[in-house]
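**Student:** next comes the sequence, and after it the predicted model I'd like to discuss.
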Amino acid sequence: MSKVNLEEFAGGALQEKFDDAMEKVLTNLMDPNTPWKNKRKISIEVTFEQTEDRNDTAVNVSVVAKLAPVKPIATRMAIGKDLKSGKVFAEEYGSQIKGQMTLDDYGKQQTVIGEDVVDTETGEVVDNVVDLRAKQA
């Protein structure tokens, strides 16, 4: 029986296909959007199909990487019916109430540090701020 050097098999194509599959597996392992616990797998399949004379065979080589699926992305949609037109609608919304404004809507982000309200972009203490937080008795 003759030995086959897998690095040189099919003109080096087997090694090349394995290297590509390995890169896909490693990329999938490092992807934070995939489950960490799922196993990944590389399968190499060599198929032989011979002629009736048994003196020639066609050899097909395939390399398949089984990867972890990307986690689904969750969102929420409000659904309803327009009372004037009668048409149904769906509108995606995030973590806030529809129409509610955030500090980002004003173009500046602010945070409270001690007694001061600070513009996080510039580090400047902001004047004319009314503290509406409840006070401890």
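**Tutor:** Structure received.

**Student:** what's in contact with whichever strand or helix holds residue 91?
**Tutor:** Take DSSP states H and E as the rule and residue 91 turns out to sit in strand 88-93. Where contact means Cβ atoms under 8 Å, 6 or more residues apart in numbering, the residues beyond strand 88-93 that reach it are 75-82, 98. In this view, the C-beta of every residue, glycine as well, is placed from N, C-alpha and C.

**Student:** take the residues you listed and lay them out in JSON lines including distance to residue 19.
**Tutor:** Supplementary listing: those in JSON lines, determined by distance: Cβ to Cβ, whole Å:
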{"residue": "75", "distance to residue 19": "38"}
{"residue": "76", "distance to residue 19": "43"}
{"residue": "77", "distance to residue 19": "43"}
{"residue": "78", "distance to residue 19": "49"}
{"residue": "79", "distance to residue 19": "49"}
{"residue": "80", "distance to residue 19": "53"}
{"residue": "81", "distance to residue 19": "56"}
{"residue": "82", "distance to residue 19": "56"}
{"residue": "98", "distance to residue 19": "50"}
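
**Student:** tell me the strands beside the strand holding residue 91, with direction?
**Tutor:** Using DSSP bridges, the strands paired with strand 88-93 are strand 76-81 (antiparallel).

**Student:** now the contacts of strand 88-93 in JSON lines, with neighbour count?
**Tutor:** Output for the contacts of strand 88-93, formatted as JSON lines (neighbours: other Cβ atoms under 10 Å):
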{"residue": "75", "neighbour count": "8"}
{"residue": "76", "neighbour count": "9"}
{"residue": "77", "neighbour count": "9"}
{"residue": "78", "neighbour count": "10"}
{"residue": "79", "neighbour count": "8"}
{"residue": "80", "neighbour count": "10"}
{"residue": "81", "neighbour count": "10"}
{"residue": "82", "neighbour count": "9"}
{"residue": "98", "neighbour count": "8"}
